[in-house]
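**Q** take a look and give me a structure for this.
(3 chains)
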Amino acid sequence: MEFNEFFVQGMALLGAGIAMVAGFGQGIGEGFAAGKGAEAVGRNPEASGKIQSIMVLGIALAETTGIFALVVAILLIFVKG
Amino acid sequence: MEFNEFFVQGMALLGAGIAMVAGFGQGIGEGFAAGKGAEAVGRNPEASGKIQSIMVLGIALAETTGIFALVVAILLIFVKG
Amino acid sequence: MEFNEFFVQGMALLGAGIAMVAGFGQGIGEGFAAGKGAEAVGRNPEASGKIQSIMVLGIALAETTGIFALVVAILLIFVKG
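**A** Numbers count the residues shown, from 1 in each chain, chains lettered A, B, ... in the order given. You can find the predicted model right below:
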């Protein structure tokens, strides 16, 4: 058995799939933020605009995680796969 | 044994399956948001419109996670698989 | 031993199975929503219609997770398996 360029390509594509598992934690975190946002609006509906602003800001920051994983996966697929 | 193009295809398809595991966390997060939405409406039914707005917005943002994984899986299946 | 089209099919089918692990988290999340819905109706039975509406909407959104995984698994089984 000898490792060759096909092994490299195969591992790149497997790695692309594994990278996307990052979305696992991102999904939990962003859903938590959405749930707490709904809870806060229920308690204080007059503040809904401010609550929405901070929730969207927080989720946007958490979103960077998934974008990093997406960039790596795309690179693995199209540059090395 | 030699690594060849079939190995590459096999890894691409295995990677596509693994990418979808991202949905695991997304399911937890979005379900949490749904539960908190129901709880908030139970406490303050008059604010149900505002609660629903922020809940749906938050879930839509969390949904991007799964869409990234889906895009990568589809690329792996049809471009490299 | 040489990698051939049977290896590709095997990996496709293994990937299809792994994709469905997403349902694990979806089950937790949607169950949480159902539980919170029941809790909210118990506290405020007059709002049961509104609580049910937002709970069903939230669960339907969380359900998309599992549908994505199902689509990928079906593709892997019937297109590549």
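**Q** and the helix ranked longest in chain A, which residues are buried?
**A** Assignment by DSSP state H gives helix A:48-75 as the longest helix of chain A. Within helix A:48-75, the residues scored as buried using 16 or more other Cβ atoms under 10 Å in any protein chain shown are A:48, A:51-52, A:55-56, A:58-59, A:62-63, A:65-66, A:69-70, A:72-74. Bear in mind the C-beta positions are built from the backbone N, C-alpha and C, glycine included.
**Q** ignoring the adjacent residues along the chain, who's closest to the residue of chain A found nearest chain C?
**A** Nearest to chain C in chain A, going by Cβ to the nearest Cβ, is A:Gly31, at a distance of 7.2 Å. Distances taken as Cβ to Cβ, 6 or more residues apart in numbering or on different chains put B:Gly29 closest to A:Gly31, at 1.9 Å, once the chain neighbours are dropped.
**Q** just to revisit the earlier point, let me know the closest of the buried residues of helix A:48-75 to C:Phe3.
**A** Taking Cβ to Cβ as the measure, C:Phe3 lies nearest A:Ala73 of those, at 23.1 Å.
**Q** can you read off the pLDDT for that closest one?
**A** For A:Ala73, the pLDDT comes out at 96.
**Q** just checking, A:Val32 touches B:Phe32?
**A** In this structure residue A:32 is Phe, not Val. Yes: A:Phe32 is within contact range of B:Phe32, at 5.7 Å (criterion: Cβ atoms under 8 Å).
**Q** who has more neighbours out of the two?
**A** Neighbours were counted for A:Phe32 and for B:Phe32 using other Cβ atoms under 10 Å in any protein chain shown; B:Phe32 has more, 29 against 20.
**Q** contacts only, for A:Gly35.
**A** B:29, B:32-37, B:55, B:58 (Cβ atoms under 8 Å, 6 or more residues apart in numbering or on different chains).
**Q** run the last query once more with 7 Å
**A** By Cβ atoms under 7 Å, 6 or more residues apart in numbering or on different chains, the contact set of A:Gly35 is B:32-33, B:35-36.
**Q** adding pLDDT, write those residues out as TSV.
**A** Output for these, formatted as TSV (pLDDT from 0 to 100):
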residue	pLDDT
B:Phe32	97
B:Ala33	97
B:Gly35	97
B:Lys36	97
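**Q** most widely separated two among the residues you listed?
**A** B:Ala33 and B:Gly35 (7.3 Å).
**Q** what residue is smack in the middle of chain A?
**A** Nearest to the geometric centre of chain A sits A:Gly66, at 2.3 Å (Cα atoms, centre = their mean).
**Q** how about that one: what's its closest non-neighbour residue?
**A** Leaving aside its chain neighbours, A:Gly66 sits nearest to A:Gln26 (4.7 Å; criterion: Cβ to Cβ, 6+ apart).
**Q** isn't that neighbour up against B:Thr65?
**A** Yes: A:Gln26 lies in contact with B:Thr65 (Cβ atoms under 7 Å); the separation is 4.9 Å.
**Q** shared neighbours of the two, which are they?
**A** Counting by Cβ under 7 Å, 6+ apart, the common neighbours of A:Gln26 and B:Thr65 are A:Gly66.
**Q** distance check, A:Leu61 against chain B.
**A** As judged by Cβ to the nearest Cβ, to the nearest Å, A:Leu61 and chain B stand 11 Å apart.
**Q** show me the contacts for that residue.
**A** Contacts of A:Leu61 (Cβ under 7 Å, 6+ apart): none.
**Q** what's the answer for A:Ile18, then?
**A** Residues counted as contacts of A:Ile18 (Cβ under 7 Å, 6+ apart) are B:15, B:18.
**Q** how many neighbours does the residue nearest to A:Met55 when sequence neighbours are not counted have?
**A** Nearest residue to A:Met55, sequence neighbours excluded (Cβ to Cβ, 6+ apart): A:Gly37, at 3.9 Å. A:Gly37: 28 surrounding residues under other Cβ under 10 Å.
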